[in-house]
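>>> below are the sequence and a predicted model; questions follow.
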Amino acid sequence: MEGKLTILPTLDGSLTFYNQTIHQSYHSVNGALQEARHVFLENGLFQYLQVFPKKEISILEVGFGAGLNFMVTADYCETQDITLNYTGLEPYPIDRALMIESHYNKWINHQKLWNNFISTYKGALSLIEMQLSTLIKLRFEKILLEAFKSDKKFDLIYYDAFAPATQPELWERDSILHALSMLADNGMFVSYSITGNLKRILRAEGFTVEKPKGAAGKREMVRAYKPTVVNA
């Protein structure tokens, strides 16, 4: 959502952005870095790779925001020699100058990834493809989820929209089903937010729903597998 952004420190020492218009932070104030690693890396990508060890992964993120989820994922894939094809949807990109102020490069090992990202990041454009290394490709789209279409399917979906109370339309059945339609067989859906409605939607579509411990400050999160994962 559009609005005036300010930098906000979080409890683990990392920074996040705060949208003053909607009074919503982009990450948990209990720890932006901790949330990104716990929800999307440790309970998302790690879990997926345990079941399906691969050397090439495709990920769709709904709510690219400040790019922290992407950065920790890309850093891990670079370390593990995994090819990453990452698509981030963000209809309201953060200004490049503000993005630099996040200092997310402090939390990754491969500084070249950050440098290449910042040097090619141009939030004013509607579409950018960035080859950040021989392994890491980022496709950035300034587009709403409802308008996004893809011929290819994704192994994982990182669902990181603003909270249901702030952005309810992205947590309604049509939006969730649209996202799920782009998930590959044996794919995984991961989100920091867990609501009764979300669980009902996922289960109605035949997904196996798990409720791992949430990031700091949250009791639970959601991880769901496409039906075929059960018989893999």
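It's in.
>>> and the helix or strand of the chain with the lowest mean pLDDT, what does it pack onto?
Within the chain, no helix or strand scores below strand 127-131, which has a mean of 83 by mean pLDDT, DSSP states H and E. Using 3 or more Cβ pairs under 8 Å, 6 or more residues apart in numbering; DSSP states H and E, the elements in contact with strand 127-131 are helix 111-120, strand 136-141. In short, each C-beta sits where N, CA and C put it, glycine included.
>>> now tabulate those in CSV and tack on distance to residue 150.
Shown next, in CSV, are those (distance: least, Cβ to Cβ, whole Å):
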stretch, distance to residue 150
helix 111-120, 21
strand 136-141, 9
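>>> of all these, which one is nearest residue 93?
With Cβ to Cβ, the closest approach to residue 93 among those belongs to strand 136-141: 7.8 Å.
>>> make TSV from the helices and strands packed on strand 127-131 and add distance to residue 10 and mean pLDDT to it.
As requested, those are exported to TSV (distance: least, Cβ to Cβ, whole Å; pLDDT from 0 to 100):
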stretch	distance to residue 10	mean pLDDT
helix 111-120	19	93
strand 136-141	24	94
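>>> nearest residue to residue 163 other than its sequence neighbours?
residue 193 (6.2 Å; Cβ to Cβ, 6 or more residues apart in numbering).
>>> helix, strand or coil for the one you found?
coil (DSSP: H, G, I helix; E, B strand; the rest coil).
>>> follow-up on the earlier one: list the buried residues in the least confident helix or strand of the chain.
The neighbour-count check on strand 127-131 (16 or more other Cβ atoms under 10 Å) flags 128, 130 as buried.
>>> chain center to that strand: distance?
17 Å (Cα atoms, centre = their mean, to the nearest Å).
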